[in-house]
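[1] Here is a sequence with its predicted model. Questions after.
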Amino acid sequence: MRLIVIDVQKGITDERLYNFDVFVENTVKLIDVARKNNVEVIYFQHDDGPGTGFSIGDEDFEIASQVAPRPDEKVYVKDINSCFGNKEFEAYLKEQNEDTLMLVGLQTNFCIDATVKSAFERGYKVIVPKDANSTFDNDYMDKETTYRYYNEMMWPERFAECISVGEAIAMLHM
């Protein structure tokens, strides 16, 4: 199993997120447990392109300090929603013969959703710990409704196993 931390970047990791404090607390907890149990933690940063303020070299692009990677942990950059848009990442997983991915991070309705579905389509077992992904209000749904739509209706029994943080921690201990 690998723990994939998606787009927890300075420019979007703040109080605007649904259940912000719980999201950060749970994400930090899962990272800590993974590290203590020798489960590889892999990070992603989303790059919107030069001049957007959310690209390589921009402060907002940097990984949020609460979840900062260690120097020996892999960090990949992507410029589309799915982490599988980064071919080096995809090749690495194949090389490692990985079959289970635990996904945490931002945003529920964009990069998390795209990665959940891309991983599922590639045959991975996908684990999504509840309250370890989050998003903002949008033009169609408030942030809580958006979060619940994916975590409670869209992913379970279709694309991912959505479990409690406690269950995720138990899985990381195996």
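    Sure thing, it's come through. Numbering: from 1, shown residues only.
[2] CA only for contacts and neighbour counts going forward, please
    Fine.
[3] Check the gap between Pro69 and Leu101 for me.
    Pro69 is 18 Å from Leu101, where distance means C-alpha to C-alpha, to the nearest Å.
[4] Let me fix that, I meant to ask about Tyr149.
    21 Å.
[5] When these two are compared, which one has more neighbours?
    Leu101 (20 against 15; other C-alpha atoms under 10 Å).
[6] May I ask you to confirm that that one belongs to a strand?
    Yes: assessed with DSSP: H, G, I helix; E, B strand; the rest coil, Leu101 lies in a strand.
[7] Contact partners for it?
    With contacts defined as C-alpha atoms under 8 Å, 6 or more residues apart in numbering, Leu101 is in contact with Met1, Arg2, Leu3, Ile4, Ala119, Tyr124, Lys125, Val126, Ile127.
[8] List only buried entries from the residues you listed.
    Neighbour-count burial (16 or more other C-alpha atoms under 10 Å) is assigned, among the contacts of Leu101, to Met1, Arg2, Leu3, Ile4, Ala119, Tyr124, Lys125, Val126, Ile127.
[9] right, and the last one touches Arg158 too?
    No: with contacts defined as C-alpha atoms under 8 Å, Ile127 does not count as touching Arg158, sitting 11.7 Å away.
[10] Common neighbours of the two, please.
    Counting by C-alpha under 8 Å, 6+ apart, Ile127 and Arg158 have no shared contacts at all.
[11] thinking again about what came up before, now, the contacts of Leu101 that are in helices?
    When DSSP state H defines the helices, the subset of the contacts of Leu101 inside them is Ala119.
[12] what's the closest of the contacts of Leu101 to Arg16?
    Arg16 lies nearest to Ile4 out of these, by C-alpha to C-alpha, at 22.4 Å.
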